[in-house]
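**Q** Task: produce atomic coordinates for the following.
(2 chains)
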2 protein chains.
Amino acid sequence: MPPGPISPGAITRQLADFAAGSQWRDIPAAVRREGVRGLLNYVGCALGGCGDEAIRLAIRVLAPTFGAPQAGIVGRLERCDPLNAAFLNAASANVLEYDDTHLPTVMHPAAPVAPGLFTLAETRGASGQALLHAFILGVEVSCRIGNGLMPHHYRRGAHITATCGIFGAAAAAGKLIGLDAVRMNWALGHAATQSAGLVESLGSMSKSIGVGNAARNGLSGAFFAEAGFTAAESAIEGKYGFAAVASDTVDFAKMTAGLGDKWEILANAYKPYPCGVVLFPVIDACLELRKRIPVPVGGIREVVVRGHPLLRERTDRPDANDGRSAKVSLQHSVAIALLQGAAGIAQFTDAAVADPAVQALRAKVTAEDDAAIPVEAAVVELRLADGSRLSEHVKDGRGTPGRPMSNIELDAKVAECAGFGAPFVDVPALIAAIRDLEALGDAAHIMRMTAPA
Amino acid sequence: MPPGPISPGAITRQLADFAAGSQWRDIPAAVRREGVRGLLNYVGCALGGCGDEAIRLAIRVLAPTFGAPQAGIVGRLERCDPLNAAFLNAASANVLEYDDTHLPTVMHPAAPVAPGLFTLAETRGASGQALLHAFILGVEVSCRIGNGLMPHHYRRGAHITATCGIFGAAAAAGKLIGLDAVRMNWALGHAATQSAGLVESLGSMSKSIGVGNAARNGLSGAFFAEAGFTAAESAIEGKYGFAAVASDTVDFAKMTAGLGDKWEILANAYKPYPCGVVLFPVIDACLELRKRIPVPVGGIREVVVRGHPLLRERTDRPDANDGRSAKVSLQHSVAIALLQGAAGIAQFTDAAVADPAVQALRAKVTAEDDAAIPVEAAVVELRLADGSRLSEHVKDGRGTPGRPMSNIELDAKVAECAGFGAPFVDVPALIAAIRDLEALGDAAHIMRMTAPA
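**A** Predicted coordinates:
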């Protein structure tokens, strides 16, 4: 048994009771709004990722196992059974590292939770309001379990998006199919015994298997529970349960304290750029500076970035050689922001990295530590060939707690994602439909709007 | 990082090289023979379990996701895609607690490893020899990884049959589809990031999800690797890899020392009775005693069982109230062995537990600790109504290392299993085909022999 409260009580049962018993009227307006934003960001990210090489390969591998074409794959023509659809849509939503971030745990909650809900809408029917309610509850369950296991869980090697995301996937799907509290408890038990995913897999395609499985197996856990397939009732807190396996620093109280009063989705953030979060203020500063120099950009002798030591530690990578490593490269991020005036998906591709102009400019970028600068801030100074200097200080990078993404920025991100991965989508109509989700009678309409004509 | 050797080297790579590079001629004759016995025991157990309630429910849940009917489900008419077939056949083989036991780890290696191989034989073709070779290698990989993680891995709560079985499933499937060493390494990486299963789930149907997933996801890991889907190359030994997550007592040397010289399948045992291993000598003694008293059994005043303290600790359950708890009940096991002269699947059902004669006799059974008696031995004394006493001392219970199951006993077990779960099977023909597996051109023939007419 890990350390923690001696008598944690029936944690699994409390979470199950909460999810099964929650009523729509219990959900505060601000939480509902953040749920809509989370789903909008999810659909956008899935549209952006649906053409990625990992997704194309995964479809090729799984196609021979596809069941009847009941459920859609975001942005694609293929259709399949609900479980394969959940896997593939979760993988698409996460593959670009552009999805949401629950700041206290650095988990990405939507990719595991949302896909099963849309496949249920397609196969069994669901209103927009019911789907939104289930999504909010699923995010709540994932993030609360994560809160109770951090920091040791991730540090040991567990990829929390997958390992905790599966609980939210099970709870959300269980809610949408109307599981009672006993069956919801079993669904969480099935999630617990299927929880998997390694930090070691990040940086390879294998990451997508962990995230895909979280969505897939959370959904299947709800199906098993619905059929009366029993599970351990103390799957999380039991002596040989999930918490004991998952962390040496378990705090069960964090999993259940204030359930229904404090909502984790309010700590969920959306990335403005598909790269490491510490780079956000740096990119913001570069985009501001670019407005003050002649375009096309030339005559830059040196770029000096000052930031929290974590910035240099995580992102000082002058030699990033592909799109994936560029996502954590300060030098690449500065170069493309200054040269192209953007830092979207197209700026973090292999092709963007290979651009000689980018490579030339990134060689001029250096980083300096300044412990007085918080991690959500940065100072960028341009030293030009004529000897002049321009400086920009960003205190709260876009997408950080002090400067969350506005609705307008989120809409633009969704448009960018769709333009990259699924240009056939009618983006304004899709955004309008998701923003009005509470009033939508048939939530499957959203999936149909993402499909090629 | 867990304790253990400072520089473990490329453990994942070594295991992958071994599995990808192994030649049939490298497999010693005794290892081949044990491989055949392991597969025979697997098929028998799957036939015994294929009608279990958990399997019927699982099929009902998964049927809406079944892909094209390419692969069989042992003992059943339904056919489905390879991944669902692997899941269901692994669950069937393990659900009765009758499957093989790797004694050093108490893992059940065949249920995760074998199912994917038979589905591959059905969908892509495979000779009996190739299947046997892959099975032996899969068992080797699972058990070696388990050896390196025990004892902490299980004690913490990881259900080792599932958590380590998935590696063997991936390696075996990868071997049969001809993965090179690089792709075999990826297959093990995909296994690592999908490894899951909790001891807490034992005693509920949820256990079968963990075991089924090990087979399913090991097979899919091989498919992903085959397609070029990349994985972490140090998925087992890496800083954020499987070993760090799985155990505080990692001994990497145990995973790789003597690869190809020392074979773990030689430490694999087969259960004579579908119950806890500590009960084997007790049941043996009761079956012997029954030969010395009048049948039908009557006039027993008391039964006293003396054994290692572990026997009483694990199995002193006079009030077992269903078939599942009866499997770990000393009182039930003694009663049915004496009354029915057998301790097979039929003796550990809910119906057997409800029998008034069994309940009357089990109330007369008591256990005494004797630390001088080893765990594979037991002494049973009958105290009869006429004052006489009969005693039987079993030194090596059947199915323990000192008294392994003979081929004749194994054949009888397979016949019992088939008689219970799939009485339509031509058992002598099936056994003959498996015993002659090395010479069988089409291994899928075995699966066809298990199907209803």
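**Q** dump the residue contacts of A:Val425.
**A** Neighbour list for A:Val425: A:47, A:75, A:418, A:449-450 [criterion: CB atoms under 8 Å, 6 or more residues apart in numbering or on different chains]. C-beta coordinates here come from the backbone N, C-alpha and C atoms, glycine included.
**Q** For the least confident helix or strand in chain A by mean pLDDT, C-alpha coordinates in CSV please.
**A** Using mean pLDDT, DSSP states H and E, the weakest-scoring helix or strand in chain A turns out to be helix A:152-156, at a mean of 86. Provided in CSV are the C-alpha atoms of helix A:152-156 (Å, rounded to 0.1, in the frame of the first residue of the first chain):
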residue,chain,number,x,y,z
HIS,A,152,4.9,10.5,-8.4
HIS,A,153,2.7,8.8,-10.9
TYR,A,154,4.1,10.7,-13.9
ARG,A,155,7.6,10.9,-12.6
ARG,A,156,7.7,7.1,-12.2
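**Q** List the buried residues in that helix.
**A** By 16 or more other CB atoms under 10 Å in any protein chain shown, the buried positions in helix A:152-156 come out as A:153-154, A:156.
**Q** near chain B too, which of the residues you listed?
**A** For chain B, the contacts drawn from the buried residues of helix A:152-156 by CB under 8 Å from any CB of the partner chain are A:Arg156.
**Q** So which of the buried residues of helix A:152-156 is the closest to chain B?
**A** Using CB to the nearest CB, A:Arg156 comes nearest to chain B of the buried residues of helix A:152-156, at 5.6 Å.
**Q** Spell out the secondary structure type for the residue of chain A positioned farthest from its centre.
**A** Most distant residue from the mean C-alpha position of chain A: A:Asp386, 43.4 Å away (CA atoms, centre = their mean). For A:Asp386, the assignment made with DSSP: H, G, I helix; E, B strand; the rest coil gives coil.
**Q** how much space between it and A:Ala285?
**A** As judged by CB to CB, to the nearest Å, A:Asp386 and A:Ala285 stand 21 Å apart.
**Q** what about A:Arg79, how many neighbours?
**A** The tally of other residues near A:Arg79 (other CB atoms under 10 Å in any protein chain shown) stands at 17.
**Q** likewise A:Arg317?
**A** Neighbours around A:Arg317, by other CB under 10 Å: 17.
**Q** contacting residues around the nearest residue to it once chain neighbours are set aside?
**A** In this structure, A:Arg317 finds its nearest non-sequential neighbour in A:Ser329, 4.0 Å apart by CB to CB, 6 or more residues apart in numbering or on different chains. Counting by CB under 8 Å, 6+ apart, A:Ser329 touches A:315, A:317-318, A:320, A:362.
**Q** can you rerun that using 7 Å?
**A** Neighbour list for A:Ser329: A:315, A:317, A:320 [criterion: CB atoms under 7 Å, 6 or more residues apart in numbering or on different chains].
**Q** Format those residues as a markdown table; extra columns: secondary structure, distance to B:Pro28 and pLDDT.
**A** Listed next are the contacts of A:Ser329 as a markdown table, based on DSSP: H, G, I helix; E, B strand; the rest coil; distance: CB to CB, whole Å; pLDDT from 0 to 100:
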| residue | secondary structure | distance to B:Pro28 | pLDDT |
| --- | --- | --- | --- |
| A:Thr315 | helix | 53 | 92 |
| A:Arg317 | coil | 50 | 92 |
| A:Ala320 | coil | 50 | 89 |
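**Q** Against which helices or strands is whichever strand or helix holds A:Ala93 packed?
**A** Here A:Ala93, judged by DSSP states H and E, is contained in helix A:82-95. Applying 3 or more CB pairs under 7 Å, 6 or more residues apart in numbering or on different chains; DSSP states H and E, we find helix A:82-95 packed against helix A:29-49, helix A:53-62, strand A:71-72, helix A:110-123, helix A:206-226.
**Q** Look up how far A:Asp436 lies from A:Thr249.
**A** A:Thr249 is 42 Å from A:Asp436, by CB to CB.
**Q** neighbour-wise, which of these two wins?
**A** A:Thr249 (15 against 11).
**Q** Would it be right to say that that one lies in a strand?
**A** No: counting by three-state DSSP, A:Thr249 is located in no strand; its state is coil.
**Q** and the gap between it and chain B?
**A** Separation of A:Thr249 from chain B (CB to the nearest CB, to the nearest Å): 14 Å.
**Q** How about A:Cys80, nearest residue that isn't a chain neighbour?
**A** A:Phe66 (3.9 Å).
**Q** Kindly report the same for A:Gly238.
**A** B:Glu200 (4.3 Å).
**Q** show me the residues around that neighbour that make contact.
**A** Here B:Glu200 is in contact with A:232, A:234-235, A:238, A:240-241, B:157 (CB under 7 Å, 6+ apart).
**Q** which one of those sits closest to B:Val380?
**A** A:Tyr240 (31.6 Å; CB to CB).
**Q** per-residue pLDDT, the closest one?
**A** The model reports A:Tyr240 with a pLDDT of 93.
**Q** pretty sure it is in a strand, no?
**A** No: the assignment for A:Tyr240, made by three-state DSSP, is coil rather than a strand.
**Q** how many other residues sit next to it?
**A** There are 21 residues near A:Tyr240, going by other CB under 10 Å.
**Q** Equivalent analysis for the one 10 residues further on, please.
**A** Look at A:Val250: counted by other CB under 10 Å, it has 26 neighbours.
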